[in-house]
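Engineer: Quick one, fold the following:
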Amino acid sequence: LRIVVLNPKGGSGKTTIAINLASYYAACSMKATLMDYDPQASSTRWLKKRQSTQPLIHGITAFERNNRTTRSFHMRIPAQTDRVVIDTPAALPAQELPEITRGADAILVPVLPSDIDIHACSKVIADLLLVAKIRRQDNRIGVIANRVKRQTLMYQSLIRFLSTLQIPIVATLRDSQNYIKAAELGVGIHEMKPYLVREDLEQWDSLTQWLEQRAPGGLAPEAVQVVHTDGAVAGSAPTS
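Structural biologist: Modelled structure (predicted):
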């Protein structure tokens with residue numbers, strides 16, 4: 001399963017979603033690869049914070065140009081990789097969308113509840129459909145309403161706008177300090193103590209289920225438990 005997280009507008013939460021997806025899959029005992037195309041290297045720095053006792057996530061610094069190795073070798077994804085998560089840069093030109101989305105099973109577009117972000121989301125969806133030639137009926141594009149406060153008028157405006165796009169809202173993630181704490185520690189929220197992040201974990205269920213339906217072969221009947229770094233078990237994730 002190849003997942004691209006993109007929104008050319010900075011600050012939408014691309015890296016937060018990418019690192020938490022990678023850690024989720026790793027915690028499900030899947031072989032996960034995190035490709036960092038962003039020159040800011042936030043995903044790469046997060047990977048370097050991880051301890052050897054944590055589930056392994058293979059990292060690829062896709063933004064680097066290494067003269068010592070060929071591009072194809074540098075970008076090589078390990079054999080038997082189950083999930084590839086791609087963190088894209090801000091200010092990504094529309095003409096580069098076809099290349100960055102090639103072979104993607106799922107394309108996630110995080111959007112914040114603000115007028116500026118709503119406008120940016122509208123443009124990137126249009127570019128995905130018209131420039132990258134992603135067919136709406138393929139159902140590969142999903143929007144994530146990110147850092148929301150449900151009772152605000154701006155959130156209600158965001159939901160009304162998203163409903164007009166005919167693109168599914170695959171998750172609504174609250175504005176939570178748990179994501180900041182997790183990033184500082186080099187973990188994902190699925191690796192934190194469940195009682196601290198229960199509300200956040202519940203909001204990921206719809207996202208992970210939607211992604212598994214995009215996986216080659218679709219949902220499988222088996223379930224893999226998410227094992228937290230403290231040994232606790234929380235929920236399950238389907239394999240494919």
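Engineer: Please count neighbours and contacts with C-alpha atoms only from this point.
Structural biologist: Fine.
Engineer: which helix in this protein runs the most residues?
Structural biologist: In the chain, with assignment by DSSP state H, the single longest helix is helix 194-214.
Engineer: excluding its backbone neighbours, what's nearest Pro55?
Structural biologist: Leaving out its chain neighbours, the residue that sits closest to Pro55 by Cα to Cα, 6 or more residues apart in numbering is Ala26, at 5.5 Å.
Engineer: and the one you found, what does it touch?
Structural biologist: Applying Cα atoms under 8 Å, 6 or more residues apart in numbering to Ala26 gives the contacts Ala32, Pro55, Leu56, Ile57.
Engineer: what about the last one, distance to Val124?
Structural biologist: Per Cα to Cα, to the nearest Å, Ile57 is found 29 Å from Val124.
Engineer: all helices of this protein, in order?
Structural biologist: Under DSSP H, the chain gives helices at 14-27, 42-49, 71-74, 97-101, 115-130, 153-164, 177-185, 194-214.
Engineer: Low-confidence regions, the protein specifically.
Structural biologist: For the chain, applying pLDDT under 70 flags the ranges 66-75, 218-240.
Engineer: that older thread, out of the contacts of Ala26, flag the one nearest to Thr101.
Structural biologist: Distance to Thr101, by Cα to Cα, is smallest for Ala32 among the contacts of Ala26, at 18.2 Å.
Engineer: In contact with the nearest residue to that closest one once chain neighbours are set aside, which residues are there?
Structural biologist: Spatial nearest neighbour of Ala32, excluding adjacent residues (Cα to Cα, 6+ apart): Arg83 at 4.9 Å. Taking Cα under 8 Å, 6+ apart, we find Arg83 in contact with Leu1, Arg2, Ile3, Ala22, Tyr25, Met30, Lys31, Ala32, Thr33.
Engineer: Since that was my last question, I'll sign off now.
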